[in-house]
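Asks: Okay, here's the prediction I keep looking at, along with the sequence it came from:
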Amino acid sequence: SMTGLGMKAANVILTISNGQPGVTLVIAAIVTIILGLGMPTPSAYILAAVLVGPALAKLGFPILQSHMFLLYYAVLSALTPPIAVAALAAAAIA
């Protein structure tokens, strides 16, 4: 928060998406999945909320729905190859 990285990342996302809500959501989902690879879900969600959340807030998306969207993709990042932390844990249990 001291460096303003969250707002800088939000501005980059909004610049790339040209302010279009659908494209912004796709970019937000991709960024959340990539940042969350190999991380536990709470850490991936917090990172996404700090870096991607302000971009969604600037477009006027409701706060609760934006955070649920980010949480969903943070959970999905644990299932996504190439790392797939959740699949490794499930394989050990099985």
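Replies: Looks like it came in fine. Numbering: from 1, shown residues only.

Asks: ok, now which ones touch residue 41?
Replies: With contacts taken as C-beta atoms under 8 Å, 6 or more residues apart in numbering, residue 41 has the following neighbours: 71, 74-75, 77-78. Using the backbone N, CA and C atoms, a C-beta is placed for each residue, glycine as well.

Asks: Could you provide the residues you listed in JSON lines, with additional columns for neighbour count, pLDDT and secondary structure?
Replies: As requested, the contacts of residue 41 are arranged in JSON lines below (neighbours: other C-beta atoms under 10 Å; pLDDT from 0 to 100; DSSP: H, G, I helix; E, B strand; the rest coil):
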{"residue": "71", "neighbour count": "17", "pLDDT": "96", "secondary structure": "helix"}
{"residue": "74", "neighbour count": "25", "pLDDT": "94", "secondary structure": "helix"}
{"residue": "75", "neighbour count": "15", "pLDDT": "93", "secondary structure": "helix"}
{"residue": "77", "neighbour count": "25", "pLDDT": "90", "secondary structure": "helix"}
{"residue": "78", "neighbour count": "21", "pLDDT": "87", "secondary structure": "coil"}
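
Asks: Return the mean pLDDT over stretch 9-24, rounded to an integer.
Replies: Mean pLDDT, computed over stretch 9-24, is 93.

Asks: Export only the CA atoms of stretch 55-69, formatted as PDB.
Replies: These are the backbone C-alpha positions of stretch 55-69, laid out as PDB (Å, rounded to 0.1, in the frame of the first residue of the first chain):
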ATOM      1  CA  ALA A  55      -9.500  -2.400 -11.300                       C
ATOM      2  CA  LEU A  56     -12.900  -4.000 -10.700                       C
ATOM      3  CA  ALA A  57     -13.800  -1.300  -8.200                       C
ATOM      4  CA  LYS A  58     -12.900   1.500 -10.700                       C
ATOM      5  CA  LEU A  59     -15.300   0.000 -13.300                       C
ATOM      6  CA  GLY A  60     -18.100   0.100 -10.700                       C
ATOM      7  CA  PHE A  61     -18.500  -3.600 -10.000                       C
ATOM      8  CA  PRO A  62     -20.100  -4.300  -6.600                       C
ATOM      9  CA  ILE A  63     -17.400  -5.000  -3.900                       C
ATOM     10  CA  LEU A  64     -18.800  -8.300  -2.600                       C
ATOM     11  CA  GLN A  65     -19.300  -9.800  -6.100                       C
ATOM     12  CA  SER A  66     -15.800  -8.700  -7.200                       C
ATOM     13  CA  HIS A  67     -14.200 -10.400  -4.200                       C
ATOM     14  CA  MET A  68     -16.200 -13.600  -4.700                       C
ATOM     15  CA  PHE A  69     -15.100 -13.500  -8.400                       C
END
